[in-house]
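J.: Could you look at this predicted model? Sequence included:
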Amino acid sequence: MRKKLFVILIITSLLITFTIHTSAEVDFTQELYSKLSENTNPIPYLDIPNYNSAVFHNGLKIYLLEDHSLPYIDIKGYIKGGRILENEDNAGITDFMTAVMNTGTQNYGEKELNRFKELNAVDLNLSSSDHYISFSGNALTSEKNKLIFLLKEILLRPNFAAEYRSRLLAERERNIQQSKTRQNSLLEMYFFKNIYLGHPYSYAHDLDLLLDNLDYYTPENLKKYYDKTVRPNKTIMILYGDFDSKKMLKKLHKEFSSWKNSSEFWKQPTVTAEESNYGKVILINKEDATQAKIKMGYNLDIRYFKDRIAFTLGNEIFGGGDLTSRLSKNLRAEKGLVYNIYSKYVDKKAGGYYILNTSVKPEKTYLAVESINKEIEKIIQGKEQITEDDIFEIVNRRNVFFPKSYRRKEDLLQSVIFNIEFKERDKNYINKFIQAYNILSAEDVNKYFEKYIYPGRFLTVIVGKKEDILPQFEENSISVEVIEID
């Protein structure tokens, strides 16, 4: 019987995947881009699903949306908090705690938990980020009670004293040590250690700090951190699929209403931009590197809606990551200066940042950095400002492909709830966002791109072979802080 259910689930998953791929997968050819530029595509409007919601007496929030078209149920959710609650003494504990919770419970060891998932064709996993722990699971409709049981088992009955904790700890140490040999990991570590000096946002990248803290992850400390962070009044559950909302709420209330609340107040530290980073260049000497990896950026907060919409659209034109961006066309396609290049703004609650990432031949490192700054200057000085045609191309492309990101109702629902719970936006924010970028003018985009782009504030971090890179900067009288690694 279980094998039959598992086969049904596989077939259902394939049908869902096929539907999504055939409707959303597009071949991004130059011919397609040209067509999109020639035609004015209609402004899309997304129908926000009419979901139900409830809040239990212990603060647990539930969002539900019924869809009886396929016999399955999908659960997603968030536990507010995340790595932002860590300090230097316990940095990394959020990631390790969720790894232990994923592996087993008080009633199910590692093998037993995997067997339970396999026999009942259910799946559930936790992951962590800066501001929340997320969970995601699914099952056939016939196994929905088993999925709810599994969710309760993992969230409410972790076993931090289990034998697998030691194995997970050893695996974590090995993975961190391996990361210390990789250029990208070193690049991330030294960039974020400086841009978020002493702030929890830097901890997940600080490999040395994570290694130092491994001994802290004892069963007692894990349980103490769990009691502080995994609480119902910080938890949001989102259920989608083939179920009756009233019956589902009754079931959830039965299973989770006795979950004890917490009145502990969390103070989340804000970010202070370090002016000592402005114009600073750091070179991490990696003797075996065959490329130079470069990350340039600075702290940046864009709090106003129009400013953020205009700046991010301008950045999509400037360095958004695909082959049509100015950075890619000018520095990669025309000059052959970089292997790849992109720029982006990352909005974070305590303080965001703007970055440019690229990799180059070591002997072209200084030239690449200078060329990036010159591309910015072309816009700021009005030599090659963003045009109406540039905006038309990006907006047209967004209007075609943006709605495809929400082809599945459950993805749209999750985005709506995330905006409400974490961004303090209303449920129709997605449509307001679409309308906003469709009315932007070249004047708007240039104004706000110039307002928030600060080439003089760039912290530049480079990972590569010192003897190939350092002389280039010394010849141009640029001071460089060199870091030798073991």
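T.: Perfect, I can see it now. All values derive from a computational prediction rather than experimental measurement.

J.: those strands in the chain, which residues are they?
T.: 52-55, 61-66, 72-80, 123-128, 132-140, 235-241, 281-285, 292-299, 338-346, 353-360, 459-464, 481-484 (DSSP state E).

J.: Who does the first one pair with, and is each partner parallel or antiparallel?
T.: Translated: strand 52-55. Looking at strand 52-55 with DSSP bridges, its partner strands are strand 61-66 (antiparallel).

J.: likewise the fifth one?
T.: For strand 132-140, the paired strands and their directions (DSSP bridges) read strand 72-80 (antiparallel), strand 123-128 (antiparallel).

J.: and residue 196, how many neighbours?
T.: Using other Cβ atoms under 10 Å, residue 196 is surrounded by 23 other residues. Every C-beta, even on glycine, is put in place using the N, C-alpha and C of the backbone.

J.: now the residue nearest to it when sequence neighbours are not counted: how far from residue 209?
T.: Counting by Cβ to Cβ, 6 or more residues apart in numbering, residue 196 lies nearest to residue 202, which is 3.9 Å off, once chain neighbours are set aside. Using Cβ to Cβ, to the nearest Å, residue 202 is found at 8 Å from residue 209.

J.: can you list residues touching both of those two?
T.: Applying Cβ atoms under 8 Å, 6 or more residues apart in numbering, one finds that no residue jointly contacts residue 202 and residue 209.

J.: So between those two, which is more surrounded?
T.: residue 202 (22 against 18).

J.: what residues are up against the more buried one?
T.: By Cβ under 8 Å, 6+ apart, the neighbours of residue 202 are 192-193, 195-196.

J.: How is this protein partitioned into domains?
T.: Domain assignment of the chain by automatic domain parsing yields the ranges 2-38, 52-256, 275-484.

J.: tell me, which of those domains is the model least confident about?
T.: Mean pLDDT per stretch puts domain 2-38 lowest among these, at a mean of 45.

J.: just how off-centre is stretch 85-103 within its chain?
T.: Computed by Cα atoms, centre = their mean, to the nearest Å, the chain-centroid distance of stretch 85-103 equals 18 Å.

J.: Residues contacting that stretch, please?
T.: 81-83, 110, 113, 125-128, 133, 154-155, 158-160, 162, 164-165, 168-169, 172, 198, 200, 203-204, 206, 209-210, 213-214, 216-217, 221-222, 225-226, 228-229, 266, 268.

J.: And for stretch 293-305?
T.: Outside stretch 293-305, the residues that touch it by Cβ under 8 Å, 6+ apart are 183-184, 187-188, 191, 195, 271, 273-274, 277-278, 308, 311, 345, 347, 351-360, 365, 368-369, 372, 436, 452, 454, 457-464.

J.: Check stretch 310-328 too.
T.: Stretch 310-328 is contacted from outside by 28, 33, 302, 329, 332-333, 340-345, 354, 356, 372, 375-376, 379, 384, 386, 390-391, 393-395, 437, 440, 444-449, 451-452, using Cβ under 8 Å, 6+ apart.

J.: Report the buried members of the residues you listed.
T.: Buried members of the contacts of stretch 310-328, counted by 16 or more other Cβ atoms under 10 Å: 33, 302, 332, 341-345, 354, 356, 372, 375-376, 379, 386, 390-391, 393-395, 437, 440, 444-446, 448-449, 452.
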